[in-house]
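>>> Sequence and predicted structure below; questions after.
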Protein chains: 2
Amino acid sequence: MQYQFYMPVKIVSGEDCIKKHADLFAPFGKRVLVVTGKSSAKNGALEDVVHAFNLNAQSYEVYDSVPPNPTVESVQEGARIARDMRADLIVAIGGGSPMDAAKAVAMLARQGVQEGDVFAHKITDDVLPMIHIPTTAGTGSEVTPYAILTNDEKQTKTSISSPALFPKIAFLDAKYTMSLPLPTTVNTAADAISHAAEGMLSVRAGALSDALARQSLRVLLGELPALLSGHFSYESRKNLLFGAMLAGTVIANTGTSPVHGMGYCLTYFHDVPHGRANGLLLPVFLEICARKDPARTAPVLEALGMPLQAFSENMAALFGRRECYDDSTLRDYAARSARNKNIKNCAVHFEEADLYEVFSRSVGGR
Amino acid sequence: MQYQFYMPVKIVSGEDCIKKHADLFAPFGKRVLVVTGKSSAKNGALEDVVHAFNLNAQSYEVYDSVPPNPTVESVQEGARIARDMRADLIVAIGGGSPMDAAKAVAMLARQGVQEGDVFAHKITDDVLPMIHIPTTAGTGSEVTPYAILTNDEKQTKTSISSPALFPKIAFLDAKYTMSLPLPTTVNTAADAISHAAEGMLSVRAGALSDALARQSLRVLLGELPALLSGHFSYESRKNLLFGAMLAGTVIANTGTSPVHGMGYCLTYFHDVPHGRANGLLLPVFLEICARKDPARTAPVLEALGMPLQAFSENMAALFGRRECYDDSTLRDYAARSARNKNIKNCAVHFEEADLYEVFSRSVGGR
């Protein structure tokens, strides 16, 4: 029971929570930059924050050019806009991409970083305050100190991380997720499930993060019937958003594992959505963990609430026909993943051969 | 699922965590005031922080005159010392009394408050940073924004509350609790159990605080065999400290209920230890909740993991021969408790007659 835990984001949850707590935007200043994706805000969230800005007599601009898997260029552009308008506050609306991009924007707006040096930059506390509004239920970015950006130099996705990147407030309103397409819903849920399971296997896992992870898995996997049927009640949407946030609090303290490191290959080179990539790899990863270190893995399998075989079948049913890559490609990805720092974060040591086994049994066979 | 959650304390846990993370004391400044009770620090905690101060070249003074149920006078004196030495950081070592007193000291050292106005004072953010080290497993003060002080004017204990009163860091090392006397162990555990149960019945309870409360009750009540036998392994001590901290994160977000309001009467007028007072009253309180609002109370009873009757019997076995007060006294306490703001915080409404019933069935009959 040796661990650290820190999650200083104020969470405000419930239907119309932004309207009901519009005053919470006010203390941060008069000029707000909204960072979002082209479609991320088309669910009522943008209207709700604009309503709040008007009540607070705050001016705002909207930067809505965050691409999926945000690039350094896009966050540099956002930061330029934030500086030009002398923004006091960044409000992020969207899934993982806009929420992560907003963190980099908030940092770059205040800290002069040469292009290309973003990943090596030592982040100071001088970061614009942020308020995050998730419109998917997966990334948990609203409660983490991480921003994952595309790293073209290393041909992967790389995390920038600092306690200064925790948002000040996260507004969780499931109504923004009601009309999410089924694939996005499934992929983001798989991402959250992966966060909780990977977090439990982290060398930094502790009693508190484990408790949150178990609760997250209970809530998220309780929605398997909805995920498999594609029919989501408001209650289901609330549960998925809640479970994803819980999983975010887990990885905020534990970091992720080889699954994420491997998944980045599939996303970087093949545009496999991030959550789907994790979800495709997670079952075999857990199987190898159970084989290599049964005692360390047992609590994770127990937290799934079903045999690993049943979990794997459920995940397979969610993802349908899966991607297949040829053997030499997967050997290359295993070698790349072995260099990812996530490897050392896992309590079960994964050799390159193990990573290759995960890849080949999950997305091999062409 | 409409709730807010905020708990910005960094939790550092594990054996020798202070020695291992002595550097965490350094960033707050060069002069430290340690606030503790006469015996609170006699468990190795003071040595460990002094070791850290020496490593960091920090100077320190020790204010060890915090009485049980701290008075306004004692915290004013602590604040005077803090000002005189120009303290940069307050380090609290002890149970609820020193930890709560330290919060008031940290506030009063920076904010000029006329004697007697402490309870009416609007607390600003200008509070000395604090690091809290619990040496009992009960209060949860290390993760709450509350300081409970004796209020002689109103003849009760009154809470001062502000997000500014959250400590920056809480160090949780169960070794400091190993030699706690049995009554203190039982009373403080009862306090924590009460926090978790009361938190679930708060009008401010939410999905996250409920999850933490359920986990807290699971861990704390899992130690009933140890509490009943009086034999505590290191593992038991760790669990009690962990469960009490979890319960603290619950009340940090939900506040407490009529149990605490009633308990303050027994403590103020009869020096019944705070946790014992809550523990004596909790079973009948829960019984009345279940009678008045079975649906709202059901999840709390379920979280106990045993029938309410068994829970009541266990608590009775823990407390042994109980205090008895005469009827007119308890009618007076019921009237006093009905004016406590905790009443409105409970999802089940308690009339004065209900409060009287709790008192008379719990500590009546003389």
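Perfect, I can see it now.
>>> what ranges do the helices span in chain A?
Assigned by DSSP state H, the helices in chain A fall at A:17-20, A:45-55, A:72-84, A:96-108, A:182-200, A:207-221, A:224-229, A:234-254, A:258-270, A:274-292, A:294-304, A:308-319, A:327-338, A:352-363.
>>> which of those is buried the deepest?
Neighbour counts (mean count of other CB atoms under 10 Å in any protein chain shown) averaged over each of the helices of chain A peak at helix A:96-108, with a mean of 30. Just so you know, the C-beta spots here come from the backbone N, C-alpha and C atoms, and that holds for glycine as well.
>>> Spit out the contact partners of the spatially most central residue of chain A.
For chain A, A:Thr139 is the residue whose C-alpha lies nearest the centre (CA atoms, centre = their mean; 2.3 Å). Applying CB atoms under 8 Å, 6 or more residues apart in numbering or on different chains, we find A:Thr139 in contact with A:Gly95, A:Gly96, A:Met99, A:Asp100, A:Thr188, A:Asp191, A:Ala192, A:Ala244, A:Gly248, A:His274.
>>> where does the fourth one sit relative to chain B, distance-wise?
Right, the one you point to is A:Asp100. Distance, A:Asp100 to chain B, by CB to the nearest CB, to the nearest Å: 22 Å.
>>> The nearest residue to that residue once chain neighbours are set aside pairs with what?
Leaving aside its sequence neighbours, A:Asp100 sits nearest to A:Ala147 (CB to CB, 6 or more residues apart in numbering or on different chains; 4.2 Å). Beta-bridge partners for A:Ala147, by DSSP bridges, are A:Ile160.
>>> Which residues are in contact with A:Ala147?
A:Asp100, A:Ala101, A:Lys103, A:Ala104, A:Met107, A:Ser141, A:Ser159, A:Ile160, A:Ser161, A:Leu165.
>>> got the contact list for A:Lys168?
Taking CB under 8 Å, 6+ apart, we find A:Lys168 in contact with A:Val9, A:Lys10, A:Phe28, A:Pro129, A:Met130, A:Ile131.
>>> Which two among those residues are spaced furthest apart?
Within the contacts of A:Lys168, A:Val9 and A:Phe28 form the most distant pair, 14.1 Å apart (CB to CB).
>>> between the two, who's got more neighbours?
Between A:Val9 and A:Phe28, counted using other CB atoms under 10 Å in any protein chain shown, A:Val9 has the larger neighbour count: 25 against 21.
>>> Now do the contacts for the residue lying closest to A:Gly279 once chain neighbours are set aside.
Of all residues not flanking A:Gly279 in the chain, A:Ala190 sits nearest, at 2.9 Å (CB to CB, 6+ apart). Residues counted as contacts of A:Ala190 (CB under 8 Å, 6+ apart) are A:Gly138, A:Gly275, A:Arg276, A:Asn278, A:Gly279, A:Leu282, A:Met315, A:Leu318, A:Phe319.
>>> what about stretch A:58-77, average pLDDT?
The pLDDT scores in stretch A:58-77 average 94.
>>> and that stretch, which residues are buried?
Residues of stretch A:58-77 classed as buried by neighbour count (16 or more other CB atoms under 10 Å in any protein chain shown): A:58, A:60, A:62-66, A:68-70, A:72, A:74-75, A:77.
>>> how far does that stretch sit from the chain's center?
Relative to the centre of its chain, stretch A:58-77 is centred 17 Å away, using CA atoms, centre = their mean, to the nearest Å.
>>> Run a quick check on A:Leu227 versus A:Thr185, I expect a contact.
Yes - look at A:Leu227 against A:Thr185 with CB atoms under 8 Å: they come within range, at 7.0 Å.
>>> Touching both of those two, which residues are there?
Common neighbours of A:Leu227 and A:Thr185, counting by CB under 8 Å, 6+ apart, are absent.
>>> where in the stretch 201-350 of chain A is pLDDT low?
Within the stretch 201-350 of chain A, no stretch has pLDDT under 70.
>>> Tell me the confidence at A:Gln114?
Looking at A:Gln114, its pLDDT reads 67.
>>> what does A:Met1 give?
pLDDT, read off for A:Met1, is 61.
>>> Domain boundaries for chain A, per the record?
Chain A breaks down by automatic domain parsing into domains covering A:10-176, A:180-363.
>>> how far away is A:Lys154 from A:His349?
A:Lys154 sits at a distance of 23 Å from A:His349 (criterion: CB to CB, to the nearest Å).
>>> Those two: which has the busier surroundings?
Taking neighbours as other CB under 10 Å, A:Lys154 and A:His349 compare with A:Lys154 leading, 14 against 11.
>>> tell me the contacts of the more buried one?
Applying CB under 8 Å, 6+ apart to A:Lys154 gives the contacts A:Phe119.
>>> Close to chain B: what parts of the stretch 1-150 of chain A are there?
A:1-15, A:17 (CB under 8 Å from any CB of the partner chain).
>>> Let's see that with 7 Å instead.
A:1-6, A:8, A:10-15 (CB under 7 Å from any CB of the partner chain).
>>> Out of those, which sit inside strands?
Among the residues of the stretch 1-150 of chain A next to chain B, DSSP state E puts A:Tyr3, A:Gln4, A:Phe5, A:Tyr6, A:Pro8, A:Lys10, A:Ile11, A:Val12, A:Ser13 in strands.
>>> Of the buried residues of stretch A:58-77, which belong to strands?
Taking DSSP E, the ones among the buried residues of stretch A:58-77 that sit in strands are A:Tyr60, A:Val62, A:Tyr63.
>>> who does the first one bridge with?
Looking back up the chat, that one is A:Tyr60. A:Val32.
>>> Taking the stretch 251-366 of chain A, what residue is nearest to chain B?
Across the stretch 251-366 of chain A, the shortest distance to chain B (CB to the nearest CB) belongs to A:Asn253, at 9.3 Å.
>>> Could I get the contacting residues of that residue?
Going by CB atoms under 7 Å, 6 or more residues apart in numbering or on different chains, A:Asn253 touches A:Gln4, A:Phe5, A:Tyr6, A:Met7, A:Arg204, A:Ser209.
>>> cutoff 10 Å now
By CB atoms under 10 Å, 6 or more residues apart in numbering or on different chains, A:Asn253 lies in contact with A:3-7, A:144-145, A:199, A:202, A:204-206, A:208-209, A:212-213, B:11.
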